[in-house]
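Asker: here you go, sequence then predicted model.
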Amino acid sequence: MPLLTLTDRGLYCEPGDFYVDPWEPVDRAVITHAHGDHASWGSQAYLTSESGVGVLRARLEPNARIRGVPYSESVSLNGVTISLHPAGHILGSSQVRLVHRGEIWVVSGDYKTDPDPTCTSFEPVRCHTFVTESTFGLPIYRWPRQEDVFAEINGWWRSNAAVGKTSMLYGYTLGKAQRLLAGLDPSIGPILTHGAVERMTAAYREAGVPLPPTRYAGTAERRIEARGAIVIAPPHASGSSWTRRFGAQSTAFASGWMLVRGARRRRALDRGFALSDHVDWPGLLATIQATGAGEVWVTHGFTGPVVRWLTEHGVHARVVQTRFEGERDDEVSEGLEEVTAGPRGSGAADLEGELTG
Amino acid sequence: MKAFAQLYSSIDETNSTNEKVAALTEYFRTAPPADAAWAVHFLSGRRPKRLVGSRKLAAWASQEADVPQWLFEESYQSVGDLAETITLILPDTGSSSELPLSQWVDRLLGLRGEDDDVQREVMIDSWRELDRRERFVWNKLITGDFRVGASHRLLIRALAELSGVEEGVIAHRLMGAWEPTAEFFARLLAPDTQDADVSRPYPFFLAFPLEEGPESLGDFADWMVEWKWDGIRAQLIRRAGQTFLWSRGEELLSGRFPEVEELGALLPPGTVLDGELLPWVEGAPLPFAQLQRRIGRKNLGRKILEEVPAAIVVYDLLEERGEDIRTRPLSERRTRLAALLEPVASAGRLILSPAIPAESWEGVARARQTARAAGAEGIMLKRRTSAYGVGRRRGDWWKWKIDPLTVDAVLIYAQAGSGKRAGLFTDYTFGIWEGDHLVPFAKAYSGLTDQEIRKVDQFIRRNTLEKFGPVRTVKPELVFELHFEGIQPSTRHKSGVAVRFPRMARWRKDKKAEEADTIERVRSLLTKCPTTSA
C-alpha cells in the first residue's frame, strides 16, 4: 500500500499516523510552509522547519503547538522517518521526505528552483515517489532572469519617482512581498508597507532575514506624503479606498501570472512583473528528473498536461486532487485566504497525540 | 522592429492617455517616414490579411519549441491568444532586431503566395531574430490580429500635436483609401490642406446616448427629431463621375449594394450624403436580421436582391457641388438636402429621413414608444444649429434608444473568453423554460463587471456538470436579466426565436432558476416587433 493516501482531510501517512498539509484540523500535521492553503488552523500539533516556525506562528493561533526541526535532520514517528529539505518557495518552506521500509517519498509543497535571498535555496531530493505541485505546469511559463525583472521594477519605481508619483506594487503578503523588498534599490526612495505585509515582514526580520528599512503605511492617516515612495501591498488592497491616501500613483502586480498579457490587462493595472515563487516549466521537468522518481503525483495547477507529458516520457504519473491552490490569479480568492486564515473553532484545546520522537 | 515594439509596450503599459499620446508623438517624431506610415496604418486599425494559417503557425512553433501539438493547444487554451502563445512558447535566443518596421512589413507581405516551406523558413528565422517583445508584435501582425490600447482619437491627437495641423484635418486625411508610404506620411502632416482625393469620405459624426429624459436638453423648438434607424451607417459620395459607398467602419462597400450605388449617377457632381442603408420594402424597413442575410454574401443573386432590396435613408448633406458644408447649421443642410433629393425621390431608394412631427418633449416620448413598430431602434435628437462634427461628441446630437426587451434566463453553458478574458469563463449560454427543461435561448458575453465575472467564473468551476471540448455544462442555478433589441422567429435556434444584441443587464441574485422566464412568455414578445415580410 502507498505510504501516503488522499483523504478528505488531506494527504495521510497511515503507518506514521500523521498528515502532510491537511486542510482540516487533525492530530498531527507536518507543514511544508505557512501559506493558508497548506497550513490550516486547529490541528493539535504541527511539525515544520526550524526557520519556518516564526512565520507559521504568525499565521496560526498564538498558542498553537509547533515544533521546528532543522533542514535534513531526521525525526521518527511510528516507524516513519521524516526529514525536511529546503523548497526555496518562502522562508522556512520545505519538501517533506518520508522513509518507511526502504520506500522514499517526497512531498514538494510549493517550490521554486530560482535562488531567493529571503530563504534557503531548493535542493532536489532523490526518491521513489515524488508529489509535485504544477501551478505553472505549461511550457509557456519560462521565467525571465530575475535580475532583469528586478531591474524593470526598480526602473519603473525610479521613473515614477522622477515625476512625483507613488509606485503601488502588489504582491502576496507572505513570501512575495519580502522577496520584492530584498530586491528593491532603497536609494530610489522610501519603502512603505501595508499592515498585512508589515506583519509578515516583521516575522522575516525576527528570523534574521536582512531586509531594507520599511515604514508602515497605517490606517490612521488620511493622506500620506508618499511622493517618490514605493508601497508594497497585498493584491486585494488594489482599488480599495486605502490606496487613495497615496496620491498620484502607478500600479503594478508582481506574480508569475503576469507573464501572460491578458492576466495583467484584466486587472487594469499599469504594469505586471513576472516574478514567481513557483517552479516554471523547465524547472519542473528538471526537478522531476533530478529526483529520479519512478512515480509522480501531480497536485494543484496544470495537473492534466503535466501528467500526460510525463506519461508520454515513460514516467508513471497521476493527478491527485488536493485543495492546494498555489499562486492565485485572482483577488477574490486572495480575499478568501484572509478569511480562512482566521481562527476556526476554539483553537488548540486539549493537546493529545503530540508529535514525538 | 525594436522601436515599434517599444512603442507598443509603452502604450500597453500605461492607462494614462497623456502618456500614450506622448509615446506616440515621440515615435512619430523619430521614426523613418516609411516606418511611421506603416505605424499609422496599423494603429488606425488597418490590418494585413492573415497570410499564414493559424494551424501552420501553431505547428511550426511547436516544432521549433520542441513541444507536442496537444501541449501547444493546452497552452493556447490557457493564454487565449495565438500570437502570444507562440511568443511565450518559443525559446529566447538573446537576439533582437534593429531592422526598420517597413522592412519587416515587406517580409510579411512577401509571404503571400509562397509555398509552405518558404513560409516556414521565413517564420522560423524571424522568431529567432526577435526578442520576446518584438516577437509578440510580429506575431500579431502575422495573425492579422494587431490591436493596440490607443484609440483612433489618440492617434489623431498625437499626429496633430506633432504637425500642428488641426485634428479634424488629420482625421479627414486618415479616412478612405490610402497607401502607407513615406509620401503619404508627409502629406498627412503637411500644413497645406488643399489636397484632394475623390473617394475620401468625411469622418462620421456620432450621437451620444441620452441617459435621462430629453427635458434636460432645454427648449424643444431648438431640436430636430428623427428616427434612429437600425441599419448600416454609410456615406454615399458622387465626385468626378464616380460613386463611392463607405460604411462607418471605413469599408468601401463596392458591389455590396448595387441598387444604392447606381443612385449615385442621379446626384450632381461633388455630393456627399450621410445616411443609413436599410432593407426597404414598400416604404418601410425590414428587420436588421434580413440585412444580415446580405452582408455575409460574396455573390448577390437575384433572389436575395428581390427579397431584401436595400435603400439609403439620408439624413445629412456634407458636401454640395464640391463644397464642404459641414460647418453650416443642420437646419440649412437639411433644407439643401431636401431640395437635392426632391428630383430623385421617385427612384424610391434615395429617401429623405423623415422629421418626426412632435410638438413637445411629451410628444417625442410618445413617438419613441412607437419606434419599434416603425422599424426603428429609437429617436435621434439633433440641435438645429449644429455643425457636422467629428467623432462622438456630447452636446448637439443625441440618440434616445427604446427600452430593450427583457427576459430572465438561466446560465446553462459556459466557455472561456479570449484576450483580456482568457482563462476566465465569460461567454455564456442562457436557457429558458419549456415545460420542465431549459432550452438554449441566447448567448451573451457582456454586461457584467469584472468582479461579477470572477464570481461567476468561480461558480462555473465549482458547478461544472459536463465538459464538451471547451464548453462546460453548468448546474442551472444562476439567473440573469438579459436585454436585447429585437426578436425574430428562427428555425435555426432550438427555442424557435433569435434575438438581437443580447447582453446581461443584471445578475438576478434574488431569483431562483425556477423563476426564470418561459418559452411562452418569450414567444409573446414576438408580437411587439415587426416580423419578416415574406
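Answerer: Structure received. Residues are numbered from 1 along each chain as shown, chains lettered A, B, ... in the order given.
Asker: show me which residues of chain B sit near chain A.
Answerer: B:12-15, B:65, B:67-68, B:70-72, B:74-75, B:78-81, B:84-85, B:88-89, B:92, B:136, B:418-424, B:450-451, B:454-455, B:458 (CB under 8 Å from any CB of the partner chain). C-beta: built from backbone N, CA, C; applies to glycine.
Asker: what subset of those is buried?
Answerer: Neighbour counting over those (16 or more other CB atoms under 10 Å in any protein chain shown) leaves B:12-14, B:65, B:67-68, B:71-72, B:74-75, B:78-81, B:84-85, B:88-89, B:136, B:418, B:420-424, B:450, B:454-455, B:458 as the buried ones.
Asker: filter these down to the ones in helices?
Answerer: B:12, B:65, B:71-72, B:74-75, B:78-79, B:84-85, B:88-89, B:136, B:450, B:454-455, B:458 (DSSP state H).
Asker: A:D114 touches A:Q146, doesn't it?
Answerer: Yes. Here A:D114 reaches A:Q146: they are 5.9 Å apart, a contact under CB atoms under 8 Å.
Asker: look at B:Q488 and give its secondary structure.
Answerer: strand (DSSP: H, G, I helix; E, B strand; the rest coil).
Asker: hey, what's it bridged with?
Answerer: Beta-bridge pairing for B:Q488 (DSSP bridges): B:A498.
Asker: I'd like to know how many residues surround it.
Answerer: 18 (other CB atoms under 10 Å in any protein chain shown).
Asker: how close does it get to B:E98?
Answerer: 56 Å (CB to CB, to the nearest Å).
Asker: give me the nearest residue to B:R472, chain neighbours excluded.
Answerer: Spatially, and ignoring its direct neighbours in sequence, B:R472 is nearest to B:T464 (4.6 Å; CB to CB, 6 or more residues apart in numbering or on different chains).
Asker: residue of the stretch 201-350 of chain B nearest chain A, please.
Answerer: Nearest residue of the stretch 201-350 of chain B to chain A (CB to the nearest CB) works out as B:P209 at 23.1 Å.
Asker: do the stretch 351-500 of chain B as well
Answerer: B:A422 (4.1 Å).
Asker: next, the contact list for that residue, please.
Answerer: A:260, A:262-263, B:78-81, B:416 (CB atoms under 8 Å, 6 or more residues apart in numbering or on different chains).
Asker: any idea how far it is from B:D145?
Answerer: For B:A422, the distance to B:D145 - CB to CB - is 13 Å.
Asker: mutual contacts of the two, please.
Answerer: By CB under 8 Å, 6+ apart, the residues touching both B:A422 and B:D145 are B:D81.
Asker: sketch out the low-pLDDT regions of the stretch 1-150 of chain B for me.
Answerer: For the stretch 1-150 of chain B, no stretch is flagged by pLDDT under 70.
Asker: give me the nearest residue to whatever residue of the stretch 1-150 of chain B ends up closest to chain A, chain neighbours excluded.
Answerer: Residue of the stretch 1-150 of chain B nearest chain A, by CB to the nearest CB: B:L88 (3.9 Å). Nearest residue to B:L88, sequence neighbours excluded (CB to CB, 6+ apart): A:I140, at 3.9 Å.
Asker: does that neighbour touch B:V79 like I think?
Answerer: Yes. The criterion here is CB under 8 Å, and A:I140 meets it with B:V79 at 6.1 Å.
Asker: anything in contact with each of those two?
Answerer: What both A:I140 and B:V79 touch, as defined by CB under 8 Å, 6+ apart, is the set A:260, B:85, B:88.
Asker: how about the helices in the stretch 251-357 of chain A?
Answerer: Secondary structure of the stretch 251-357 of chain A (DSSP state H, counting those that start in this stretch): helices at A:261-265, A:281-291, A:303-312, A:331-340.
Asker: which stretch among the ones you listed is buried most, on average?
Answerer: The highest mean neighbour count among those, using mean count of other CB atoms under 10 Å in any protein chain shown, belongs to helix A:261-265: a mean of 21.
Asker: that helix packs against which elements?
Answerer: strand A:271-273 (3 or more CB pairs under 8 Å, 6 or more residues apart in numbering or on different chains; DSSP states H and E).
Asker: paired strands for the strand it packs on, with orientation please.
Answerer: strand A:249-254 (parallel).
Asker: what's in contact with the partner strand?
Answerer: Strand A:249-254 has contacts (CB under 8 Å, 6+ apart) with A:153, A:156, A:160, A:165-171, A:176, A:180, A:235, A:238, A:243, A:264, A:267, A:269-273, A:275, B:14.
Asker: now that strand: average pLDDT?
Answerer: Regarding strand A:249-254, the rounded mean pLDDT is 93.
Asker: could I get that strand in PDB with only the CA atoms?
Answerer: The C-alpha trace of strand A:249-254 is given here as PDB (Å, rounded to 0.1, in the frame of the first residue of the first chain):
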ATOM      1  CA  GLN A 249       0.200  56.600  -8.500                       C
ATOM      2  CA  SER A 250       1.300  54.000 -10.900                       C
ATOM      3  CA  THR A 251       0.200  50.400 -10.200                       C
ATOM      4  CA  ALA A 252       1.800  47.100 -10.700                       C
ATOM      5  CA  PHE A 253       1.400  43.400  -9.700                       C
ATOM      6  CA  ALA A 254       4.300  41.000  -9.200                       C
END
